[in-house]
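A.B. asks: model this:
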Amino acid sequence: MSEFKRIPPQQAQALREQGAVVVDVRDPATFAALHISGSKHLDNHSLHAFIQGADLDAPTVVVCYHGNSSQGAAAYLVSQGFSDVYSMDGGFELWRATYPSETAQGTCE
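C.D. replies: Numbering: from 1, shown residues only. Now for the predicted structure:
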């Protein structure tokens with residue numbers, strides 16, 4: 001795959017259930033307040049380490065607030081060698097409305 005794909009929350013959930021990595025590119029405080037359970041926070045400080053330790057062939061779903069910033073982040077991951085990248089349309093806000101029980105608080109991944 002040379003480009004990322006845009007997917008709805010339902011497809012992101014299916015990928016997540018199959019072991020996809022979910023990365024959240026929202027700001028740290030917002031991530032800590034509430035995020036998709038099991039997701040990893042990704043920002044300029046953690047990006048390099050994430051890329052170095054990642055399986056570039058593992059499905060990776062990128063999430064932001066509403067589904068716009070995640071597209072740029074997904075494109076960047078593709079440019080860094082990731083082969084199976086998705087940007088979730090609607091972002092965390094749509095995820096929270098669709099899967100309210102699949103959210104968590106705190107800074108841990």
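A.B. asks: quick one, longest helix in the protein?
C.D. replies: helix 69-79 (DSSP state H).
A.B. asks: which other residues reach whatever helix or strand comes next after that helix?
C.D. replies: The C-terminal neighbour of helix 69-79 among helices and strands, as given by DSSP states H and E, is strand 85-88. Contacts of strand 85-88 with the rest of the structure, by C-beta atoms under 8 Å, 6 or more residues apart in numbering, involve 1, 4-9, 11-12, 15, 20, 59-63, 67, 70-71, 73-74, 77-78, 94-95. For glycine as for every other residue, the C-beta is placed from the backbone atoms N, C-alpha and C.
A.B. asks: 7 Å instead, please
C.D. replies: 4-7, 9, 12, 15, 59-63, 67, 70-71, 74, 77-78, 95 (C-beta atoms under 7 Å, 6 or more residues apart in numbering).
A.B. asks: quick one, helices of this structure?
C.D. replies: 9-17, 28-33, 47-53, 69-79, 91-98.
A.B. asks: turn these into TSV, including distance to His41.
C.D. replies: Formatted as TSV, the helices of the chain follow (distance: least, C-beta to C-beta, whole Å):
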stretch	distance to His41
helix 9-17	16
helix 28-33	5
helix 47-53	9
helix 69-79	12
helix 91-98	12
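A.B. asks: who does the closest residue to Arg96 other than its chain neighbours form a beta bridge with?
C.D. replies: Spatially, and ignoring its direct neighbours in sequence, Arg96 is nearest to Thr103 (6.0 Å; C-beta to C-beta, 6 or more residues apart in numbering). In this entry, Thr103 is beta-bridged to Ile36, by DSSP bridges.
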